[in-house]
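Chemist: okay, sequence plus prediction incoming.
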Amino acid sequence: MSAIAPAALFTGDRGATLSPDSYLDVSYDDKLALWEEVKADERFPTYLYGCYECGICVAACPSARFYDFSPRKIAQAAAREDVELIYEQMNDDVWQCSQCFSCNRCPRENSPGGLITLLREVSVKNGLASARDALEGYGRVVYKIMTTGTQISPDMLQPDAFPDWGPDVKTTSDNLDLWRRALPPETLHTTEMSWVVSEETLIELYLIWLHSDVMDMIEEVDEGLHMIILDVMEETLEDAGYEI
Amino acid sequence: MPSDRVVVIGAGPAGLEAARLAAELGSPVTLIEKKDVAGGMPIHADYAALTHHFRPASEAMGVMVDAVTGNDQIDLRVGTEVTSVEGELGDFSVTVGTNGSSETIDAGAIILATGFKHFDPGRETQQYQYYELPDVITIADAEKMLKSGEFLTPSTGKKPERVAFIQCVGSRDRQIGNEYCSKVCCGISSKQAIEIREMVPDARVFIFYIDMRMYGYWENEIYWPAQEQHRVNYVKGIITEILPKKGRLMVRGEDTTMGRPMEVEMDVVILAVGMEPSAGTTEMSGVLDLPTNKYGFIETSHDVLDTVTTDVPGVFATGASVGPADLDDSISSAGAAAAKAVALLRSAKVPV
Amino acid sequence: MTDTTFIPLSEIRKAPVPDPADAPTADIREQLFELEAAGELIVQRVPEPYIEVMTKYGRTKKIPEQMTWHHKSCGQCGHIPGYSTSIFWLNRQFGLSYEDPTDQTSCTAWNYYASATSNAVAQAGVASRNFAAAYATGYFPMIHCGTSYGHYKEVRNEIVHHADLRAKVRDIMAKLDKPLVMPEEIVHYSEWIHAMRDRIAERQVRDFSGIVASIHPACHYYKLVTEDAIYDPDIYGGQRTATVTGIVESLGATVGDYSTFFDCCGFGFRHILVQRDFSRSFATQRKIEIMKEEANPDVVITHDTGCVTTLDKSQFATKAHQRNVGVPVLSDAQFAALAMGAHPYRVVQLHWHATDYTALLEKMGIDWEKAWAEFEADLKRLESGEIEYLSWEDADAK
């Protein structure tokens, strides 16, 4: 797996974009800064080589069938370093990707899904409105994973949250405590977490979040959520004798 | 022992031409061929027509083989393999084996013409299911069918209504490691598409491609007629999956011109498999101590003004042993190899 | 039964066994050992006895038979707990030692792929913490979820290829008083089931010969770091991953092939939670309806949390829209457990599944009404306080 870092041929020249103008209220320099942040990621060189527009990524992509979405266009815009188009995609397109990585079948070894992961991260880190919009309604999931180390706990399966999954959701929810006790594996005897996670483990998890700049990212997306998570983490850590 | 004999390894198109020209220039020649019959891939894989003017492969190769078998100065040894080579320019000892017995031949120069093998589509990154579905075939399989005079759907024995070619199978691919273009497949597929349209006039034929590489006169002799007279449909967008669906083959790709995913049914899918170094090339590179490039083809001295000289003085490489090559490439480079070999021997004043 | 025509090619074209010498990629395990020799990290070895399987380019992969540290899946444990229970039950039936830890967090990849509110360092940190926790017990990680499996393979690549990231993660581990550990192999439980399939079939007590099963392989199992997935020249001519199909065939069921085998289920990570019209449409139109039309299966078998969730839960709403749905979805673990005689409710916990499975159970010769009555009796005992939890002994009681 070799990494090729091409010279940034076009980004300095504002006239180099082949795309029509959009998001005119955002300066070119701001858009360029976001793109530079994407390229600075360690993973970038192995996610983008060249693109000969074979279309394999689109053929394999589920989102391409449902949305007006094209991983090929993501790779093309990135390869051209068309900053205007990239910014547009960062706002309008990247949240449609289902991160299945069917596009990793690319014969050039590009990863449009990987590029999208980086575009999303940069978008979240910089508090783009489109990122906040995409993650609206997702806050309680972030809260659960950050604070309990498990994602969708049993008590999150409420009928008002998943009405389209059928009447079984209500049955499950009504019987939750009883049904959870009817599970042989001991670690499953809980409803607030997917399995029982020990306190020490949670402390280690919180320390990982704090040492890896993740809290800053969450703050950009949702300040309220950030505060609540930080409170829970700080309380646990202080009780255990850590200083934040 | 010092010798002015030229030993040519491999009796395919390149080897046959190298032997013929070296003999015409006055050198004694031994032409060694591993298989039991000379003619190389066009004969062993039963090619129907050559891309060049649809000339029947067996007829063209027949001319080449006759030029060699009818020539007193050329000693053609079939069913024979080179097992070791010692010595240097003007004084090589080439040990060969036939049916268990071995013999050493004195040579002044050696020309390697060991050709290529077809890429095995079982190694393909895309999901073409070659070893699962009988109606998925390669261009080599298709040549055999065309040579037989009938083009039929393998699983039903009936004439196909829809046929698709998929280009660049095993080539231009970083995942497989064959990053190069195999040069000949766009021409071959277009040629076969025309032949199928002529054999099965009711069939619709599609070619799914990344780029159509129709160099030089192929553009006007093959590509335009394929589209204009024979109504072959070229679609930019390579297929990524083939799966069985209701007795036919469902192929999936992106129609990039229209910018949307595409799924269509075909009766036969033909994979345009690329070229890889042959087993003979790999073996001989070891025997002759020749460097190979990262793809396993013989590395020549890389001078664009000299396409046949290797780093080992007196050893030349030609044809598809150095990389994907078309028939006219192979024959031209074989001539260059023969001429340079003979000239080198003469200038080195090798005593006879 | 099925419309697809599949003629075995064994006489015309025999699938070659791939030669690992031709593999186009470097062997990451060798690179791990090199890093270990340079003092950069510790490689946890697969304990013996292990079973060898073949991966895509002909390399051998070691699958530990026992002494496994079960890296659980939050989605499975959260709302399809019969899936995890079945995996443990299978291990217990063979008397194989395993650890079900509380010192384990989710891989957090569901959140990462959904929301991107994380980064490479954090993700690698979470992975490394889990691997270090396993290493400390001496038991080898066995990954329950397809997403965890795919994500950890990505993390492994990043740790091997990026010295900066490796150093950062090592620092964070040091703060937790843990070494930087990477397992020699990243093993998915379905690979263990594949390796054990003949032994599972030996203990089969229910007849699956009348059952047609359509297979759905998980994207993150075989599309992410493709070379690590199991392939077998005798299954699909080595052209598709053998995992899941292998166990289904070994149990005597018929594989119902269909033309969207390689399609994603539509889980989408974020989509399944907050934009379910996408997941639902995809699961219905690209998977379930095609399976029903072309193979008419009795069951869909898959090997990932997200896939079971998406395919199972999407059918209710689409049935209301008169779409051609209504086929139960199970994991290979649950399917294998049922084959070996597991209780459909005490062990396989089918009451957590949405799509009607009763016809399937009947085809398996299971009196599900009786089984449900048995389970209801258990629930009564739990309610009354006679027992606090259902035990493993209760689960296998006659």
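Modeler: Great, that's in hand. Numbering: from 1, shown residues only, chains lettered A, B, ... in the order given.

Chemist: can you get me a residue count around residue 90?
Modeler: All of this refers to chain A. Number of residues near A:Met90 (other C-beta atoms under 10 Å in any protein chain shown) recorded here: 26. From N, CA and C alone the C-beta is placed, and that goes for glycine too.

Chemist: other chain: chain C
Modeler: Count around C:Leu90 with other C-beta under 10 Å applied: 25.

Chemist: okay, it and C:Ala15: tell me how far apart.
Modeler: 30 Å (C-beta to C-beta, to the nearest Å).

Chemist: same thing with A:Ile56?
Modeler: For A:Ile56, the distance to C:Ala15 - C-beta to C-beta - is 23 Å.

Chemist: the two: which has the busier surroundings?
Modeler: Taking other C-beta under 10 Å, A:Ile56 and C:Ala15 do not tie; A:Ile56 has more neighbours (27 against 21).

Chemist: against A:Tyr47, how distant is that one?
Modeler: On the measure of C-beta to C-beta, A:Ile56 and A:Tyr47 end up 16 Å apart.

Chemist: SS state for the residue in the stretch 151-300 of chain C that chain B sits nearest to?
Modeler: Nearest residue of the stretch 151-300 of chain C to chain B (C-beta to the nearest C-beta) works out as C:Gly237 at 3.2 Å. Following DSSP: H, G, I helix; E, B strand; the rest coil, C:Gly237 is assigned to helix.

Chemist: count the neighbours of it for me.
Modeler: The burial count for C:Gly237: 22, using other C-beta under 10 Å.

Chemist: verify the contact between it and B:Glu132 for me.
Modeler: Yes - in terms of C-beta atoms under 8 Å, C:Gly237 counts as a neighbour of B:Glu132; the distance is 4.3 Å.

Chemist: which bits of the stretch 51-200 of chain B sit near chain A?
Modeler: Selection of the stretch 51-200 of chain B residues close to chain A by C-beta under 8 Å from any C-beta of the partner chain yields B:125-126, B:168, B:172-176.

Chemist: among the residues you listed, show me the least confident.
Modeler: In terms of pLDDT, the lowest of those is B:Thr125, showing 90.

Chemist: for the residue nearest the centre of chain B, give me phi and psi.
Modeler: Note on chain B: the residue nearest the mean C-alpha position is B:Phe116, at 5.3 Å, using C-alpha atoms, centre = their mean. Per-residue torsions, B:Phe116: phi -140, psi 170 (degrees, to the nearest 10).

Chemist: you'd agree it is up against B:Leu327?
Modeler: No - with contacts counted by C-beta under 8 Å, B:Phe116 stays clear of B:Leu327, the gap being 12.0 Å.

Chemist: could you list the domains of chain B?
Modeler: B:6-115+B:278-347, B:119-274 (automatic domain parsing).

Chemist: between the ones you listed, which gets nearest to A:Lys31?
Modeler: For A:Lys31, the closest of the domains of chain B is domain B:119-274, at 24.3 Å, according to C-beta to C-beta.

Chemist: can you measure across the closest one, start residue to end residue?
Modeler: 5 Å (C-alpha to C-alpha, to the nearest Å).

Chemist: chain center to that domain: distance?
Modeler: Between the centre of domain B:119-274 and the centre of its host chain there is 18 Å, according to C-alpha atoms, centre = their mean, to the nearest Å.

Chemist: cool, and stretch C:214-228?
Modeler: 10 Å.

Chemist: now the terminal residues of that stretch, how far apart.
Modeler: 23 Å.

Chemist: that stretch - what's its average pLDDT?
Modeler: Regarding stretch C:214-228, the rounded mean pLDDT is 95.

Chemist: so is the one residue in chain B that gets nearest to chain A in a helix, a strand, or just coil?
Modeler: The nearest approach of chain B to chain A comes at B:Glu254, 3.0 Å away (C-beta to the nearest C-beta). Secondary structure of B:Glu254, reduced to three states by three-state DSSP: strand.

Chemist: excluding chain neighbours, what is closest to it?
Modeler: Closest residue to B:Glu254 apart from its sequence neighbours, by C-beta to C-beta, 6 or more residues apart in numbering or on different chains: A:Gly55 at 3.0 Å.

Chemist: these two touch, right, the one you found and B:Thr256?
Modeler: Yes - with contact defined as C-beta under 8 Å, A:Gly55 reaches B:Thr256; the gap is 4.4 Å.

Chemist: who's in contact with B:Gln126?
Modeler: Contact partners of B:Gln126, counting by C-beta atoms under 8 Å, 6 or more residues apart in numbering or on different chains, are A:56, A:105, A:107, B:169, B:238-241.

Chemist: distance of the residue nearest to B:Glu254 relative to B:Glu124?
Modeler: 16 Å.

Chemist: who has more neighbours out of the two?
Modeler: A:Gly55 (29 against 21).

Chemist: now that one: how far from B:Arg252?
Modeler: Counting by C-beta to C-beta, the separation of A:Gly55 from B:Arg252 is 10 Å.

Chemist: and the helix or strand of chain C with the lowest mean pLDDT, is it in reach of chain A?
Modeler: Among the helices and strands of chain C, helix C:271-274 carries the lowest confidence by mean pLDDT, DSSP states H and E, at a mean of 90. Yes - where contact is defined by C-beta under 8 Å from any C-beta, part of helix C:271-274 touches chain A, namely C:271, C:273-274.

Chemist: how about the strands in the stretch 201-350 of chain C?
Modeler: C:212-216, C:254-255, C:299-302, C:329-331 (DSSP state E, counting those that start in this stretch).

Chemist: which ones are touching residue 50?
Modeler: With no chain named, the answer covers chain A. So A:Gly50 contacts A:79, A:108, A:110 (C-beta under 8 Å, 6+ apart).

Chemist: actually it's chain B I care about, not the one you picked
Modeler: B:42, B:56-57, B:60, B:327.

Chemist: which helix of chain A spans the most residues?
Modeler: helix A:223-239 (DSSP state H).

Chemist: and the furthest pair within the contacts of B:Leu50?
Modeler: B:Pro56 and B:Leu327 (13.1 Å).

Chemist: show me which residues of the stretch 251-398 of chain C are close to chain A?
Modeler: C:262-264, C:266-271, C:273-274, C:276, C:278, C:280-282, C:286, C:313, C:316-317, C:346-347, C:349, C:351-354, C:375, C:378-379, C:382-383, C:388-392, C:394-395.

Chemist: wait, C:Glu36 sits on C:Glu30?
Modeler: No - with contacts counted by C-beta under 8 Å, C:Glu36 stays clear of C:Glu30, the gap being 10.6 Å.

Chemist: which one of these two is surrounded by more residues?
Modeler: C:Glu36 (15 against 9).

Chemist: apart from its neighbours in sequence, what residue is nearest that one?
Modeler: C:Val43 (4.7 Å).

Chemist: so what's the residue count around the one you found?
Modeler: The burial count for C:Val43: 18, using other C-beta under 10 Å.

Chemist: next one: A:Glu238
Modeler: A:Glu238 has 11 nearby residues by other C-beta under 10 Å.

Chemist: contacts only, for it.
Modeler: Taking C-beta under 8 Å, 6+ apart, one finds A:Ile244 in contact with A:Glu238.

Chemist: could you do B:Ile74 as well?
Modeler: Neighbours of B:Ile74 in contact, by C-beta under 8 Å, 6+ apart: B:19-20, B:23, B:29-31, B:68.

Chemist: of those residues, closest to chain C?
Modeler: Using C-beta to the nearest C-beta, those come closest to chain C at B:Leu31, 30.6 Å.

Chemist: reformat the contacts of B:Ile74 as a markdown table; add pLDDT and secondary structure.
Modeler: Output for the contacts of B:Ile74, formatted as a markdown table (pLDDT from 0 to 100; DSSP: H, G, I helix; E, B strand; the rest coil):
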| residue | pLDDT | secondary structure |
| --- | --- | --- |
| B:Ala19 | 98 | helix |
| B:Arg20 | 98 | helix |
| B:Ala23 | 98 | helix |
| B:Val29 | 98 | strand |
| B:Thr30 | 98 | strand |
| B:Leu31 | 98 | strand |
| B:Val68 | 97 | helix |
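
Chemist: dump those residues into CSV; add neighbour count as well.
Modeler: CSV is the format used below for the contacts of B:Ile74 (neighbours: other C-beta atoms under 10 Å in any protein chain shown):
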residue, neighbour count
B:Ala19, 33
B:Arg20, 24
B:Ala23, 23
B:Val29, 27
B:Thr30, 21
B:Leu31, 29
B:Val68, 22
